[in-house]
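# the following block contains a protein sequence and its predicted model.
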Amino acid sequence: MAQNKHNEKYLDQALMLSNKVKKKHKHLNKRYSKQNIDIFRLYDWDIPEIRAVVDWYSGHLVVAEYARKNSDPAWLPVMAGAVAQTLGVDMAKVHLKKRYSGYQDGNRYERVAHTDKKIVMSERDLEFYINLHDYVDTGLFSDHRNTRQMVRQMAQGKDFLNLYCYTGAFSCYAAKGGAKTTVSVDRSDTAIQWAKENMELNGISLKENTLVKAHTFDFLEKARKKGQMFDLAVVDPPSFSSSRDSRHHFDIARDHPALLKSVVELMRKDSDSTIFFSTNHQDFELYMDKFVVGESSGSKRPERPERSEKPERSGLETGASEDGSFETQRCFVRQIREITPMTIPEDYRTPKKKIHRCWKIIV
């Protein structure tokens with residue numbers, strides 16, 4: 001009897017989900033087809049009791065569950081089957097995933113399968129290799145397609161830095177936008193190889209577009225010592241990451257001030273250099289108390305002013321040092337502005353949460 005009630009509940013939820021997805025697909029598919037966008041989101045936990053996310057991949061579906069300890073393994077296949085039937089997608093093209101929150105979601109590259117199968121998907125006039133089988137993340141964070149377009153529009157003649165580059169999509173956009181050089185940094189062999197393949201797919205020369213396998217803070221230190229400078233940067237780190245070497249553990253809530261300070265040090269100061277900083281950490285708060293008004297990097301620390309919506313210049317202290325205390329060194333930036341509403345595409349906007357947050361920092 002209890003099992004029957006369970007089945008009835010799942011079928012009711014599957015019907016609600018499939019109706020929601022069908023309506024969203026009808027609304028978005030024609031529009032995005034005209035823009036040559038193959039990947040978009042159809043559902044993201046819009047109904048409280050249906051803890052799922054559904055993404056369209058040009059005739060493929062990725063259906064994921066926001067998993068809990070008491071998740072029932074039978075639930076997700078029921079949801080996925082209903083969605084596939086509604087959209088006329090063969091079950092062979094339906095890919096089931098589990099998503100976790102907190103530290104469990106910190107490793108972007110953990111394999112869940114070993115097929116090594118990649119297919120090509122379009123985003124505007126660029127193409128990217130997608131792997132729907134082997135990882136929770138498929139190779140392209142579509143929630144940042146607007147941000148990538150912003151980078152492309154600003155890239156002409158610039159030296160561009162892409163930290164935590166993943167599969168290099170931002171770098172491809174910058175290169176297509178006329179960047180003089182791009183440097184893409186990631187600690188993962190898988191990501192660097194994937195970024196190389198994406199560049200080759202889009203006809204981007206590796207001569208002016210460098211791929212660097214390194215931990216971000218190690219790269220930043222070496223670049224600073226070499227005097228390497230940039231005009232445009234994207235910093236989109238994972239919320240958490242760990243390594244066998246505890247020196248490379250990263251927690252964005254704790255470490256973002258030190259990270260941003262190190263990036264600002266590499267930006268040219270005479271050309272309105274710009275950093276796009278983003279995170280998908282749901283509880284993230286930028287350490288605004290680390291920003292103070294000052295005249296120049298050589299001036300003494302000024303008294304804290306009254307809050308102003310348009311400070312002339314701001315200073316950013318570093319983040320936590322090894323003993324957990326905050327250092328006192330500062331660097332200066334012209335403007336810090338949250339631009340999240342402009343960077344989230346229509347298909348990723350939900351009242352429940354922001355898929356990411358994004359700031360534009362002008363140095």
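The structure has been received and is ready for your questions.

# show me what the longest helix that the chain contains is packed up against.
Ranked by residue count and defined by DSSP state H, the top helix of the chain is helix 2-34. Judged by 3 or more C-beta pairs under 8 Å, 6 or more residues apart in numbering; DSSP states H and E, helix 2-34 is in contact with strand 39-44, strand 52-57, helix 75-87. Where C-beta positions appear, they are placed from N, C-alpha and C, glycine not excepted.

# tell me which of these sits nearest to residue 276.
strand 39-44 (20.4 Å; C-beta to C-beta).

# who does that closest one touch, helix- and strand-wise?
Secondary-structure packing of strand 39-44 (3+ C-beta pairs under 8 Å, 6+ apart): helix 2-34, strand 52-57.

# looking at the ones you listed, which is buried most?
Greatest average neighbour count among these goes to strand 52-57 (a mean of 22), per mean count of other C-beta atoms under 10 Å.

# ok, and what's touching it?
Under the contact criterion C-beta atoms under 8 Å, 6 or more residues apart in numbering, strand 52-57 has outside partners 17, 21, 25, 28-29, 38-45, 61-66, 76, 79, 83, 99, 121, 130, 132, 138, 142.

# sheet-wise, list the partners of that strand with their directions.
Applying DSSP bridges to the sheet, strand 52-57 is found paired with strand 39-44 (antiparallel), strand 60-66 (antiparallel).

# buried subset of the contacts of strand 52-57 as a ChimeraX selection?
Once 16 or more other C-beta atoms under 10 Å is used to decide burial, the buried members of the contacts of strand 52-57 can be selected in ChimeraX as follows:
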select :17,21,25,28,38,39,40,41,42,43,44,61,62,63,64,65,76,79,83,121,130,132,138,142
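
# give the contact list for the residue nearest to residue 241 when sequence neighbours are not counted.
Ranked by C-beta to C-beta, 6 or more residues apart in numbering and with sequence neighbours excluded, the top spatial neighbour of residue 241 is residue 250, at 4.5 Å. Taking C-beta under 8 Å, 6+ apart, we find residue 250 in contact with 216, 237, 238, 240, 241, 242.

# confidence score at the first one?
Among the per-residue scores, residue 216 shows a pLDDT of 96.

# angles on the backbone of it, please.
phi -60, psi -50 (degrees, to the nearest 10).

# which residue is the nearest non-sequential neighbour of it?
That would be residue 163: by C-beta to C-beta, 6+ apart, it lies 5.2 Å from residue 216.

# tell me what the one you found is bridged to.
Beta-bridge pairing for residue 163 (DSSP bridges): residue 185, residue 235.

# these two touch, right, it and residue 185?
Yes - using C-beta atoms under 8 Å, residue 163 is in contact with residue 185, at 5.2 Å.

# show me the contacts for residue 164.
Counting by C-beta under 8 Å, 6+ apart, residue 164 touches 185, 186, 216, 235, 236, 237, 238.

# switch to 6 Å and redo it
236, 237 (C-beta atoms under 6 Å, 6 or more residues apart in numbering).

# also residue 24?
Per C-beta under 6 Å, 6+ apart, neighbours of residue 24: residue 42.

# ok, now how distant is it from residue 211?
As judged by C-beta to C-beta, to the nearest Å, residue 24 and residue 211 stand 36 Å apart.

# how about the strands in the stretch 51-200 of the chain?
52-57, 60-66, 94-99, 119-123, 126-130, 159-163, 181-186 (DSSP state E, counting those that start in this stretch).

# what would the ones you listed look like in JSON lines with distance to residue 267 and mean pLDDT?
Below are the strands of the stretch 51-200 of the chain laid out as JSON lines (distance: least, C-beta to C-beta, whole Å; pLDDT from 0 to 100):
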{"stretch": "strand 52-57", "distance to residue 267": "34", "mean pLDDT": "98"}
{"stretch": "strand 60-66", "distance to residue 267": "36", "mean pLDDT": "97"}
{"stretch": "strand 94-99", "distance to residue 267": "34", "mean pLDDT": "96"}
{"stretch": "strand 119-123", "distance to residue 267": "27", "mean pLDDT": "98"}
{"stretch": "strand 126-130", "distance to residue 267": "26", "mean pLDDT": "98"}
{"stretch": "strand 159-163", "distance to residue 267": "8", "mean pLDDT": "98"}
{"stretch": "strand 181-186", "distance to residue 267": "13", "mean pLDDT": "98"}
